[in-house]
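K.L.:
just to be clear, the model below is a prediction. Sequence and coordinates:
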Amino acid sequence: MSEENEVKNMNLVNDYINSFDMRRQSKLSILRYIIAEEVPDVTEKLVMGIPTYYYHGKLFSFAGQKGHYYFYPGIHAVEAYMDDLDEYILGKNTLCFSYDQPIPEDIIKLIIKFRVEENLGNL
């Protein structure tokens, strides 16, 4: 991907996050930061209106809503950590977090690592 496209995609995700109020922006920005820290070479795009991340294929997406924000890591990641995710599981491949609660960073990092390993064919 060209540097120009990377900047354009970053700006689109910035615009997406900035479309929320400050409380919601804070949570989404932290989630974005965690992703970038865990996968420095990740590619970020706005796909179907939500931030989506790629590293050797699609990793996951996230989306903000009025009362919650969602993390879409895929069915295998949810199944792998189901016991740790009971309170967050919304669907087969969707985790739901309240803006009023701390971000479960340890769980998010585990899932990110799982998805990277899955995409690299190491699982």
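P.N.:
Right, received. Where do you want to start?
K.L.:
I'd like the next helix or strand past the strand ranked longest in the chain.
P.N.:
For the chain, the strand with the greatest residue count under DSSP state E is strand 58-64. Proceeding N to C from strand 58-64, the next assigned helix or strand is strand 68-72, under DSSP states H and E.
K.L.:
that following strand packs against which elements?
P.N.:
Under the contact criterion of 3 or more Cβ pairs under 8 Å, 6 or more residues apart in numbering; DSSP states H and E, strand 68-72 touches helix 22-38, strand 58-64, strand 94-98. Every C-beta, even on glycine, is put in place using the N, C-alpha and C of the backbone.
K.L.:
direction included, what does that strand pair up with?
P.N.:
In the sheet, strand 68-72 lines up against strand 58-64 (antiparallel), strand 94-98 (antiparallel) (DSSP bridges).
K.L.:
could you give the angle of that strand to helix 22-38?
P.N.:
20 degrees (axes from the mean of the first three to the mean of the last three Cα atoms, to 10 degrees).
K.L.:
using CSV, write out every CA atom in strand 68-72.
P.N.:
This file holds the C-alpha atoms of strand 68-72, laid out as CSV (Å, rounded to 0.1, in the frame of the first residue of the first chain):
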residue,chain,number,x,y,z
HIS,A,68,-21.2,0.1,23.8
TYR,A,69,-18.4,-0.6,21.5
TYR,A,70,-17.8,-3.8,19.6
PHE,A,71,-14.7,-5.8,18.8
TYR,A,72,-15.0,-8.3,15.9
